[in-house]
Every structure is written in structure tokens, then in C-alpha cells.
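Trainee: here are the coordinates; sequence isn't available:
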């Protein structure tokens, strides 16, 4: 039986996950016009950081054994570090390169990270149990909701609020927004390119880590391929939201999450296995009708 | 002592030369107009000085500091500020945020607020619209914002690229009046790209005439405009007004 409260929690938690992944991509695109396809691999990397490096079939918790108060900040820092490290190693040398060249090198970087994970941990998905107690359902408004879903929704709201605060109220945020709109002009006004870009990568990596923690808890699996799937959805969300628009990325993330939950619930049973085909048809329709993205504010348009 | 020194500067876009072996000195507190036809290299010169485009030859110095080869943000830190062609304001930021972007490089944080007051005093409309998105301002207001934004970095040298572009003459008058007043108050050095030699003559200062990436004439703006009128009388085409010997 379809329960609306249940649907709401499903949609909001899935959407929240997509929104956070999309934010990670939109942040980097905003400051350096790079669609970072390695973002999914940052997520996988953070999941695997939870377990002991070995190719055994059974995962042994490593960092994952730490108490949550330690583990959460630790994984966020690890996510930030891998992102910043990849900027130093790869993207810094391509600052003035063609956006296509940067995008392709992000694919290459993704392959490198994925293969390092494959070599270290083996290709088999491993069962991991991170905070299993979070999957016990609680009763809210007549719906039986896993505690994790509530946490995901709250986390997303917290992350979005924290990011909004950082972007609107801090010096770094002001410089990042200025740089996202017109990097050369920002630099002419003394905004340090390296600080802004490193900051964006660190934030993006931390967002990837937050997504990783949620996915690991939710699915209970560490899989080298897990980053690729969410990366695809997140990328689509950033495109639909209007590339580089952070509010757009969040809104589109929630929209895609919501639509896919609704399709899952209301499509005829026979059509349900093809849910994603319906979802992506809607995406195509979206892009045909509004190629610039759904949520591009009027004030962002250039004025002559 | 010369404030800004440019020596044998060349700028190329790929193989296309934009500036050829140009040398130029600008004294402290001076007001210099750069005029010339489209493609003369005026904007390229400003962009090369500010570090927005790389130089292929020669050097640029500001108060003995080498600017050539430095990043734009490092040059801005040496006291150079730019109001670029087309204004390039941050449309999605508010007016006040636009003014604050360039204050990160300053070490005198306590003076920022009083400078903001000065800008609001000079352009009261900006105070009125301080919380509005800058993209919603009119062209003239955006030009004022771009000038205010450049001033907020507390520069020693300010370069303004075509402040009159696309503005009503009345607004241009106001913009120039404010620029000159600010220059006096802050002992700024001003370099202004201005197509209209008449306007330059009225405002007063030294005028540099560029063509094909080189300096082809130089003198007091008021003297130059007479020659300009002469050229116009001979050739009758206002588009050729920069052609003079």
C-alpha cells in the first residue's frame, strides 16, 4: 500500500543523496569549468577507506571501527584530501587547458583511482556493516522509516545550510562566488586563484565523503563501481539544475530523487524494471525545453 | 621617479601581434588617456599591465616592482586596479558584495568601511541599491559599480577601459567628474582608454595615441584635440579622427 509519508521520506532521502553528490560536482564546475568525472571515485575511495586494505572476500573494518564522532570528521578530511591531492597532481597543470581536455583527464584520474582500489581490495563487492542500527525503522507519521533516512534528510539540510552560510557569509565564500562568475575579473581584484580552487576541491571532496558514509550505511556494500552510478545521476542533476548553479544542483538532485521514487511507486508493475528509461526520458524532455537548466536565476544572465 | 614603466612591450595572441615594442612612462598622480582606433591594442595594453594576458616580450614595472610574469592577483596586490571593458561586474552578487570582492588583499581592514562610505558618497545610487543583485543595475550604474569596486582595493594606479562605452553623455560627465575628484583625493594615477579625444581634452591630461599596437602620437589632450579637428576638417570622416601625424 502506498503511504504518502513513506514516499516522502524515500524521495527526500534519495534526493538528498543526489543533491549532495551534485553539489560536489557543481562547486568545481563553478570555479574552473571542469566537470570532474572522478567525483564518483572520490566517493568509492572514501567507502574503501573504512575497511582494511586486502583482497579478501570478507571486509574487516579499519577506520570504520572508530566511534562516529571521530569517524565522520576523519572521513570528511580524507575526502577533502583526495580531492585536493588530485587537484595538485592533475588539474593544476591543466588550468589553462581546454575544458574538454580537463574533462577527459578527470575520466583518466577516475580510472586510476578505481584501478588502485581494484588492485588493493579486489573486484568483488564486500559486505560491510557500518552503523547497522541505523537501518532499524522508526515510526513517523504512520510511516515506518529507517532511522538512516531521517539522518540523511537532516544531514542534507545541514550540509546545504552550512554551505549556504559559507558561501554567503564568509570571505572565502564571497571569493568563490565571484570566481565562479568571472574568474579573471576576480583575480584582477586580488582574489587568489589557488586558494579558491583548493577550497572548492576540499569542499567537493568532503561532500563526496558525506555521500560515501551514507551509501555505505544504506547499502552495506563496498563496491568499486558504486561511485559510477551516483556520479551519473549527480552529473545529470547538475546539468538539469544549470551547470555551475549551486541552488540548481540541490533542487535538481531532490527533483530527480523525487521523480524516481514516484515512478517506482506509481508505474505499472510491468514497467517498473524500466523506471530509469522513463526517468531519463524526462531528463531529455527537460533539456529540450530548457537547455540552460531549470533553475538558472534571471539575475545571472549577462546584461548589455 | 616614474611610477609605471613599460619597456619594449610586445603582446601576441597566437601569431597575431597586438602590441609591438611599446614603451611608455606614466608619472605618479598623472592622468593619461589612451586613444586610437579599434584594434590599436589599447585594451591589450591594459590587460598586459594587469596580468590578464601574458606578455611575449619586454617588461612592465610599477614603483620598481616587476609586473611581467606575475599572476593578476599578485599584480593587484602591488596596488594596481582595473575597470575592464564591458565592466565585468559580478551580476549574481549584490552591489555591496561586488564592492567587497577586492578588499581581501588589503591589510588595512579598518579602512574598508570608510572607503565603502566614500564610494557610496561618490555614487549615492549604489548605496540605495546596495542589497540588489548587481546584474539588475542599469548600464550606467554598473559602470559606477565597476569603478567603485576598483577603488575598494585602495589602488595606487587605476586603469579604466572605455568608461563612456554605451552610456548617455550626461552619465559619462558624472563618471568623469567623480573619477577626477577621486583622483585628487587619493592621489591616484589614472590611465583611461577613451575613444573621444574631445572628451579627453575637456577632462584634461596627457593623451597617448595608439595605432597598430604602437604609440603613434602623444601630447597634452587639449593640444591633440586641435590637431584632431584639423584632421577631421581635412578628411571629413570622424572615424578617421585618430589619423594624424
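Mentor: That came through fine. The shown structure was predicted, so the numbers you read here are calculated from the model rather than taken from an experiment. Numbering: from 1, shown residues only, chains lettered A, B, ... in the order given.
Trainee: residues near residue A:12, how many?
Mentor: By the criterion of other CB atoms under 10 Å in any protein chain shown, residue A:12 has 21 neighbours. Just so you know, the C-beta spots here come from the backbone N, C-alpha and C atoms, and that holds for glycine as well.
Trainee: Would you agree it is in contact with residue A:151?
Mentor: No. Taking contacts as CB atoms under 8 Å, residue A:12 lies outside contact range of residue A:151: 11.7 Å.
Trainee: Where does the prediction get shaky in chain B?
Mentor: Scanning chain B for pLDDT under 70 picks out B:1-2, B:228-245.
Trainee: Apply 50 and report the result again.
Mentor: B:1, B:239-245 (pLDDT under 50).
Trainee: for chain B, what spans make up the strands?
Mentor: Along chain B, the stretches classed as strands by DSSP state E are B:2-13, B:16-27, B:31-35, B:57-62, B:65-66, B:80-83, B:157-161, B:189-193, B:206-211, B:214-220.
Trainee: For the second one, name the packing helices and strands.
Mentor: Put plainly, it is strand B:16-27. Judged by 3 or more CB pairs under 8 Å, 6 or more residues apart in numbering or on different chains; DSSP states H and E, strand B:16-27 is in contact with strand B:2-13, helix B:42-50, strand B:57-62, strand B:189-193, strand B:214-220.
Trainee: Figure out how far that strand is from the centre of its chain.
Mentor: Taking CA atoms, centre = their mean, to the nearest Å, the mean C-alpha location of strand B:16-27 is offset from the chain mean by 15 Å.
Trainee: quick one: contacts of it?
Mentor: By CB atoms under 8 Å, 6 or more residues apart in numbering or on different chains, the surrounding residues in contact with strand B:16-27 are B:2-12, B:32, B:41, B:44-45, B:48, B:57-58, B:157, B:189, B:191, B:208, B:212-215.
Trainee: What is the neighbour count of residue 151?
Mentor: The chain I'm using is chain A. The tally of other residues near residue A:151 (other CB under 10 Å) stands at 18.
Trainee: Actually, chain B is the one I wanted.
Mentor: Per other CB under 10 Å, the neighbour tally for residue B:151 reads 25.
Trainee: likewise the one 5 residues further on?
Mentor: If you count neighbours by other CB under 10 Å, residue B:156 ends up with 19.
Trainee: Could you measure from it over to chain A?
Mentor: Distance of residue B:156 to chain A, computed by CB to the nearest CB, to the nearest Å: 13 Å.
Trainee: Okay, strands next: where are they in the stretch 51-200 of chain A?
Mentor: For the stretch 51-200 of chain A, applying DSSP state E, counting those that start in this stretch gives strands covering A:126-127, A:137-140, A:143-146.
Trainee: now these in TSV, with distance to residue A:3, mean neighbour count and mean pLDDT?
Mentor: Shown next, in TSV, are the strands of the stretch 51-200 of chain A (distance: least, CB to CB, whole Å; neighbours: other CB atoms under 10 Å in any protein chain shown; pLDDT from 0 to 100):
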stretch	distance to residue A:3	mean neighbour count	mean pLDDT
strand A:126-127	29	16	82
strand A:137-140	11	12	79
strand A:143-146	5	16	80
